[in-house]
Each structure stands twice: as structure tokens, then as C-alpha cells.
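**Q** Got a sequence here, can you build the structure:
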Amino acid sequence: MKIDKNYELPFSPERVFAAWTSSETVIPPATRMDINPTVGGHFRLIIEGTEHNSVAEGLFFAVEPDRHVRYTWEWDRSGEITQIDVRFEPADAGTDLRIVHTGFQKQESLDMHDSGWDSYVEALSVFLKEDGSVEPH
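**A** Residues are numbered from 1 along each chain as shown. Now for the predicted structure:
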């Protein structure tokens with residue numbers, strides 16, 4: 001089972017890639033990010049709350065600056081390890097962002113991530129509009 005999403009963002013591929021791969025880009029519900037965007041490097045999204053703590057973790061196995069990343073993804077060591085493939089293509093309006101997320105074992109998990117991607121990309125756009133500090137690598 002897979003998710004295949006396309007978004008058009010009014011920012012350069014360099015800015016979108018920089019935000020996507022930066023530990024400084026914290027999009028709620030995340031409270032902290034820890035990202036090392038190199039092949040073999042890690043990805044950690046951390047949610048710390050008063051009632052619930054959660055971590056999504058993965059490893060990068062493809063990194064092409066400003067163009068492409070691919071990494072694994074697992075919530076709270078659930079055993080469901082999926083793969084996320086993200087492409088950042090130049091477009092007249094900025095960036096065509098394509099996310100292909102594969103390897104789901106349960107429809108419930110796929111549905112949750114499907115709506116989660118829409119929310120994440122919308123919040124990422126707001127972050128990029130409001131925060132000029134994320135610079136390309």
C-alpha cells in the first residue's frame with residue numbers, strides 16, 4: 001500500500017529542501033527535530049507532551065541536495081517500517097513536491113499518514129512564508 005502525493009509550493013527547490021532536511025524546521029505536533037541528511041544519517045521527529053511522547057525515526061539512504069531524499073520511517077518502534085521518497089522539482093511557480101510513501105501494513109496507518117502529509121505540507125508552507133532563517137545548504 002502506498003501514498004503518492006503532489007504539491008506545488010511557491011518557494012525554490014533549494015528553500016524547500018533546506019527546510020525539509022533541517023533540524024530547525026519544527027512543524028507541530030513535533031516539538032523537536034534531529035536530522036542528519038546524509039546517506040546513512042538519521043531522521044528523528046520527536047513529540048513531547050504532558051500526556052504522550054512519541055518518536056518517528058528513520059535512516060536516509062538517498063540524498064541529492066535540492067532534488068531528492070529517501071528515508072525509512074517508523075513510529076515508536078511499532079515494527080511498521082515504511083519508506084518515504086521525496087522529490088523537489090523546479091516549477092514556474094516554485095517547486096513541484098512529490099511524496100511517495102510506501103510499505104504500509106495497515107489501511108488505518110496509510111489513512112492517518114495520507115491526511116498527515118496534507119497537514120504537514122500546509123504547515124511547511126506557512127513556516128517558509130513566516131520564517132526567513134532557513135537557508136539552502
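**Q** which residues sit in contact with the residue nearest the centre of the chain?
**A** By Cα atoms, centre = their mean, the chain has its centre lying nearest to Trp20, at 5.8 Å. Counting by Cβ atoms under 8 Å, 6 or more residues apart in numbering, Trp20 makes contact with Val69, Val86, Phe88, Leu124. For every residue, glycine as well, the C-beta is placed using N, CA and C.
**Q** Mind telling me what element the second one is part of?
**A** Following DSSP states H and E, one finds Val86 within strand 82-91.
**Q** who does that strand touch, helix- and strand-wise?
**A** If contacts are counted by 3 or more Cβ pairs under 8 Å, 6 or more residues apart in numbering; DSSP states H and E, strand 82-91 sits against helix 13-20, strand 68-75, strand 94-102.
**Q** and that strand, C-alpha only, in PDB?
**A** Extracted as PDB, the C-alpha positions of strand 82-91 are listed here (Å, rounded to 0.1, in the frame of the first residue of the first chain):
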ATOM      1  CA  THR A  82       7.900   2.400   5.700                       C
ATOM      2  CA  GLN A  83       9.900   4.300   3.100                       C
ATOM      3  CA  ILE A  84       9.500   8.000   2.100                       C
ATOM      4  CA  ASP A  85      10.700   9.200  -1.200                       C
ATOM      5  CA  VAL A  86      10.600  13.000  -1.800                       C
ATOM      6  CA  ARG A  87      11.400  14.800  -5.000                       C
ATOM      7  CA  PHE A  88      11.900  18.600  -5.200                       C
ATOM      8  CA  GLU A  89      11.400  19.600  -8.900                       C
ATOM      9  CA  PRO A  90      11.800  23.200 -10.200                       C
ATOM     10  CA  ALA A  91       8.500  24.700 -11.500                       C
END
